[in-house]
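[1] After the sequence you'll find the predicted model.
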Amino acid sequence: MTNIVEVQGLSRQFGATIALDAVDFRATEGRVHGLVGVNGAGKTTLIKHLLGLLRPTRGSVRVFGLDPVRDPVGVLRRVGYLSEYRELPEWMRIDELLRYTQAYYPTWDMAYARELLDTFGLDGKRKVAGLSQGMRAQTGLVVAVAHRPEVLLLDEPSSGLDAVVRQDILDAIVRTVADDGRTVIFSSHLLDEVERMSDHVTMIHDGKVVLNGSVEDIRGTHSVTGLTFAQRLERLPKIDGTLTATGSGRTWSVVHKTSVEELRSAVAPLGGELAESRSATLEEIFVARVGRATQRSEAA
Amino acid sequence: MSLWSPVTAMLWESWRITWRQLAFFGALASFGGWALLAGASDGFDRVAFIALWVLLSVAIMALASICLVTGRAKPGFPDGLAFGRPVRTSLFVAIPMLYRAAACAAVYVIPAAALRAAYGVAFPVAPIAVLLAVGATAFLGLVHAQPEATYADDDRDVTLRRAGRIALA
């Protein structure tokens, strides 16, 4: 599959703050890529680099093989973007906004835009200033997809939205665009949403990529396993391959990357036995990886 | 309404944001000049001089209003700096700036030309139009050259600040 987006060794500093640190990221054609991280992790900064709104301090960014800073027109014509803040001109009516945006995109499909307005139940005569949060998100989405972009970039698309609008946006659009052989990159801190929608996940923390892979691979390599010990333990000793451990006394639960057999061998000398084991959810993996990193940085 | 290109779309956007101010200050200048000149009998030259100052004062008020009020990311800059539409950053920054410079000049030029045609008063048109356009550009330059914390280091804010410094220079 072709790499539509290729980011190599991308670093970005704002004064003394390192927003991105040697980030590698690839997005392949026809897939939905989820960017996961806590607020301030660097997701938006990465997206801004893909749009050419920021210059890398180090490293390179290529979208369709082009540098988005040097060739913003060549890149942005083929990209649809919805920002977290849904920056829309307040004074325009929705119809005006569509015609205004159409002027920038030779591939604009007004029939498709109208169809989406109907689907969302939006009245073209309404002013942007009078729209609810959900309607603004829907309007922003129509504007982002009506030129049928090859890549759709959504920065926290469901932030502040009710479940119905979130469902509309994620199911109807993200999946449709992906099914058309187009690529979607969306950032979110809602892990269940990312797990449901994405083929590929990149976890970012403190400007670094902490985990990157397909959802299946990530979930397939991380498990949650219950442990029981013959004696009460004040704290669980370090076990190779475990990311986090919760529990107390004789009963513990660990998120681990090792196989169940490896874990069994590792806990046997401690007098431990395995109870039930299941595949970890993305949220559990995220908390295990990022939570640990957060604790470490807090300790430092 | 059909917008044919990014440049026409940006000009239309600037026009839609500023037309009320242009109409208001244009009408104010025209009415003020007309009221003075229509009522003048003796000392026409003195009245014409006062009319010129009225036109100039209104144009300066228009300049401050148009350059300060009509902004989103920054005063006098209609777009958000995280604007992801496919247009060259230089164009994205230059078009609104040039439009505002021209609009500020027009608030003086149109009433001055109309009064000149109606009453034969030799109001200087071109030199003052140029002065107003340069003044508006310098004023926008001053405003744009300030860093904007929300968009710190955004390429488009950097370009806007650079354009501001060039305009000031």
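    Nice, I can see it.
[2] Quick check: chain neighbours aside, which residue is closest to the residue sitting nearest the centre point of chain A?
    Compute the mean C-alpha point of chain A, and by C-alpha atoms, centre = their mean the closest residue is A:L35, 2.2 Å away. The shortest distance from A:L35 to any non-neighbouring residue, by C-beta to C-beta, 6 or more residues apart in numbering or on different chains, is to A:S187 (4.0 Å). Where you see a C-beta, it was placed from the backbone N, CA and C, and this is true even at glycine.
[3] Report the buried residues of the helix or strand where the one you found lies.
    Here A:S187 sits within strand A:183-188, counting by DSSP states H and E. Residues A:183-188 are the ones in strand A:183-188 that count as buried (16 or more other C-beta atoms under 10 Å in any protein chain shown).
[4] Can you tell me which of those lies closest to chain B?
    A:I185 (13.1 Å; C-beta to the nearest C-beta).
[5] if I pick that closest one, what's in contact with it?
    A:5, A:27, A:33, A:35, A:47, A:50, A:151-154 (C-beta atoms under 8 Å, 6 or more residues apart in numbering or on different chains).
[6] Looking at these, spot the one nearest B:R88.
    A:L50 (17.8 Å; C-beta to C-beta).
[7] Quick one: name whatever helix or strand follows the strand holding A:S187.
    helix A:191-197.
[8] What's the mean pLDDT across that following helix?
    Helix A:191-197 carries an average pLDDT of 85.
[9] buried stuff in it?
    A:191, A:193-195, A:197.
[10] packing partners for that helix?
    Contacts defined by 3 or more C-beta pairs under 8 Å, 6 or more residues apart in numbering or on different chains; DSSP states H and E place helix A:191-197 against strand A:32-36, strand A:183-188, helix A:282-286.
[11] at 10 Å what do you get?
    Judged by 3 or more C-beta pairs under 10 Å, 6 or more residues apart in numbering or on different chains; DSSP states H and E, helix A:191-197 is in contact with strand A:32-36, strand A:183-188, strand A:200-205, helix A:215-221, helix A:282-286.
[12] What lies in contact with that helix?
    A:32-36, A:157-158, A:166-167, A:170-171, A:174-175, A:178, A:184, A:186-188, A:190, A:201-203, A:215, A:218-219, A:281-287 (C-beta atoms under 10 Å, 6 or more residues apart in numbering or on different chains).
[13] I only care about those that end up buried; give me the PyMOL line for that.
    In PyMOL syntax, the buried subset of the contacts of helix A:191-197 is picked out as below (16+ other C-beta under 10 Å):
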select buried, chain A and resi 32+33+34+35+36+157+158+166+170+174+178+184+186+187+188+190+201+202+203+215+218+219+281+282+284+285+286+287
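[14] related to what we said a few turns ago, out of the buried residues of strand A:183-188, the closest to B:V69 would be?
    Nearest member of these to B:V69, counting by C-beta to C-beta, is A:S187, at 34.1 Å.
[15] wait, the closest one sits on A:V38?
    No. Shown here, A:S187 and A:V38 do not form a contact pair, counting by C-beta atoms under 10 Å, at 11.3 Å.
[16] Now do the shared contacts for those two.
    A:I204.
[17] returning to what we had before: can you pull up the bridge partners for the residue nearest to A:L35?
    A:L35, A:D155 (DSSP bridges).
[18] separation between it and A:E29?
    19 Å (C-beta to C-beta, to the nearest Å).
[19] Which residue ranges of chain B form strands?
    Assigned by DSSP state E, chain B shows no strands.
[20] center of it - which residue?
    Note: chain B centre (C-alpha atoms, centre = their mean) maps to B:C104, 2.7 Å.
[21] Nearest residue to A:K125 in space, ignoring adjacent ones along the chain?
    In space, A:K125 is closest to A:R93, 5.8 Å off (C-beta to C-beta, 6+ apart).
[22] Whichever residue of the stretch 151-300 of chain A sits closest to chain B - how many residues pack around it?
    Relative to chain B, the nearest point of the stretch 151-300 of chain A is A:L153 (8.0 Å; C-beta to the nearest C-beta). Using other C-beta atoms under 10 Å in any protein chain shown, the number of residues around A:L153 comes to 28.
[23] Now do the phi/psi pair for it.
    phi -110, psi 120 (degrees, to the nearest 10).
[24] again with B:R88
    phi -60, psi 140.
[25] so it sits right up against A:R77, yeah?
    No. With contact defined as C-beta under 10 Å, B:R88 does not reach A:R77; the gap is 11.7 Å.
[26] joint contacts of these two?
    In contact with both B:R88 and A:R77: A:D71, using C-beta under 10 Å, 6+ apart.
[27] neighbour count winner among these two?
    A:R77 (19 against 13).
[28] Leaving out the residues flanking it, which one is nearest to the more buried one?
    A:R77's closest residue in space is B:P86 (C-beta to C-beta, 6+ apart), at 4.2 Å.
[29] didn't that neighbour look like it was pressed against A:L66?
    No. With contact defined as C-beta under 10 Å, B:P86 does not reach A:L66; the gap is 11.8 Å.
[30] where do the contact lists of these two overlap?
    A:52, A:72-75, A:78.
[31] Could I get the residues you listed in JSON lines, plus columns for neighbour count, distance to chain B and pLDDT?
    Shown next, in JSON lines, are the shared contacts of B:P86 and A:L66 (neighbours: other C-beta atoms under 10 Å in any protein chain shown; distance: C-beta to the nearest C-beta, whole Å; pLDDT from 0 to 100):
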{"residue": "A:G52", "neighbour count": "26", "distance to chain B": "7", "pLDDT": "90"}
{"residue": "A:P72", "neighbour count": "24", "distance to chain B": "6", "pLDDT": "89"}
{"residue": "A:V73", "neighbour count": "18", "distance to chain B": "5", "pLDDT": "91"}
{"residue": "A:G74", "neighbour count": "16", "distance to chain B": "8", "pLDDT": "93"}
{"residue": "A:V75", "neighbour count": "24", "distance to chain B": "8", "pLDDT": "94"}
{"residue": "A:R78", "neighbour count": "20", "distance to chain B": "8", "pLDDT": "94"}
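[32] quick check, nearest of those to B:V93?
    Closest to B:V93, out of all of the shared contacts of B:P86 and A:L66 and judged by C-beta to C-beta, is A:P72, at 12.3 Å.
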